[in-house]
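K.L.:
When you get a sec, could you give me coordinates for this:
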Amino acid sequence: MTEFSTDAAGFAALTISELILQQCVINGLFTAEEARRLLETAADRHEGAAHGPEEKIALNRQSAELIRALSSGLEPLLSRPQAKAEKPAPEKKPATPRPTWVRFPD
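P.N.:
Here you go, the predicted structure:
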């Protein structure tokens, strides 16, 4: 397996998390206020963990700052009025369950 840097892994995780949060708001799974609270809680946790060695303090403070910047970037989505459905969406058939494991090549 290819080894990826922690910077690349962190950036990929941030992008995926941002897209998941956006889709949750767009699909009505989270309200804008819930998304804001989630991001604020994450930033607060990093600030609360900013103690100990200087490297750990800097990492947690930067993480909190990054999360707050992400919140600002999502604000256009979070501020737009939610469209109200005029008629209910058609009922979907349940998806066929998929295995929850991954097979790796031998």
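
K.L.:
From now on I want contacts and neighbour counts done on CA atoms only, so please keep to that.
P.N.:
OK.

K.L.:
Any idea which residue is closest to the centre of this protein?
P.N.:
Ser17 (2.9 Å; Cα atoms, centre = their mean).

K.L.:
Backbone dihedrals for it, please?
P.N.:
phi -60, psi -40 (degrees, to the nearest 10).

K.L.:
mind showing which ranges of the protein have poor pLDDT?
P.N.:
The chain contains residues with pLDDT under 70 at 1, 82-90, 95, 97-106.

K.L.:
Scan it for its longest helix.
P.N.:
In the chain, taking DSSP state H as the definition, the longest helix is helix 54-79.

K.L.:
Let me see the ranges of the helices in the chain.
P.N.:
6-26, 32-48, 54-79.

K.L.:
So for Pro94, which of these sits nearest?
P.N.:
Closest to Pro94 of the helices of the chain is helix 6-26 (Cα to Cα; 19.4 Å).

K.L.:
For that closest one, buried residues please.
P.N.:
By 16 or more other Cα atoms under 10 Å, the buried positions in helix 6-26 come out as Glu18, Leu21, Gln22, Val25, Ile26.

K.L.:
Among those residues, pick out the one closest to Arg68, please.
P.N.:
Comparing every one of those with Arg68 (Cα to Cα), the shortest separation belongs to Glu18, at 12.3 Å.

K.L.:
what separates that closest one from Glu3, distance-wise?
P.N.:
23 Å (Cα to Cα, to the nearest Å).

K.L.:
cool, Ala69 as well?
P.N.:
29 Å.

K.L.:
what do you get for Ile57?
P.N.:
For Ile57, the distance to Glu3 - Cα to Cα - is 27 Å.

K.L.:
Pull the contacting residues for the closest residue to His46 other than its chain neighbours.
P.N.:
The shortest distance from His46 to any residue other than its chain neighbours is 4.9 Å, reached at Asn60 (Cα to Cα, 6 or more residues apart in numbering). By Cα atoms under 8 Å, 6 or more residues apart in numbering, the contact set of Asn60 is His46, Glu47, Ala49, Ala50.
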